[in-house]
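Engineer: model the structure of this input:
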Amino acid sequence: MPSNYPDHILPYPLVQYIPLTVRTREFNTGWANNYRHRLFIFDNQQQAQKKLNMYNISYPKGLKFTNQLLLLFLNGRVKEIFYRAYHAQTIIELNEDSYHLFTIPKQYFYKDTIIFNLFLAEGTKVLNERYQLS
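Structural biologist: Below you'll find the predicted structure:
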């Protein structure tokens with residue numbers, strides 16, 4: 001099954017990637033800010049609450065970190081994530097004055113270090129963020 005993305009985003013056959021479900025907790029397009037594009041990855045409530053408070057974003061009610069990670073992407077929205085080895089190839093769309101708060105399952109990660117590479121669908125790399133599983 002071919003992907004519609006450039007080969008440098010998904011250089012291996014699509015069947016070799018694990019698609020991770022992006023579960024949106026909140027997507028806000030009316031969030032005026034002066035921040036650059038940034039991805040934060042949280043694996044515990046205390047860490048998440050502290051950072052979300054810093055950005056004046058409410059912590060999601062009823063969120064448990066059992067087998068999932070909470071991610072915050074500033075000034076855009078995550079559309080899809082494909083995981084293979086150390087890389088989580090992440091397809092995004094940019095949307096200034098917004099944030100996307102979402103969870104992904106973590107039971108599929110089979111390496112301790114994950115590098116989230118964020119790309120626009122046409123192939124431009126926007127940023128990457130390294131995460132160490134605890």
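
Engineer: so what's the most centrally placed residue in the chain up against?
Structural biologist: Taking CA atoms, centre = their mean, the centroid of the chain lies closest to Leu71, which sits 5.4 Å from it. By CB atoms under 8 Å, 6 or more residues apart in numbering, the contact set of Leu71 is Leu39, Phe40, Ile41, Phe42, Val78, His100, Leu101, Phe102, Thr103, Ile104. Where you see a C-beta, it was placed from the backbone N, CA and C, and this is true even at glycine.

Engineer: which among these gets closest to Lys125?
Structural biologist: For these, the closest approach to Lys125 (CB to CB) belongs to Leu39, at 12.7 Å.

Engineer: go ahead and confirm the closest one touches Phe116.
Structural biologist: Yes - assessed by CB atoms under 8 Å, Leu39 is found in contact with Phe116 at 5.9 Å.

Engineer: which helices and strands sit right next to the lengthiest strand in the chain?
Structural biologist: Ranked by residue count and defined by DSSP state E, the top strand of the chain is strand 87-105. Packed against strand 87-105 by the contact rule (3 or more CB pairs under 8 Å, 6 or more residues apart in numbering; DSSP states H and E) you find strand 18-20, strand 23-28, strand 68-84, strand 113-120.
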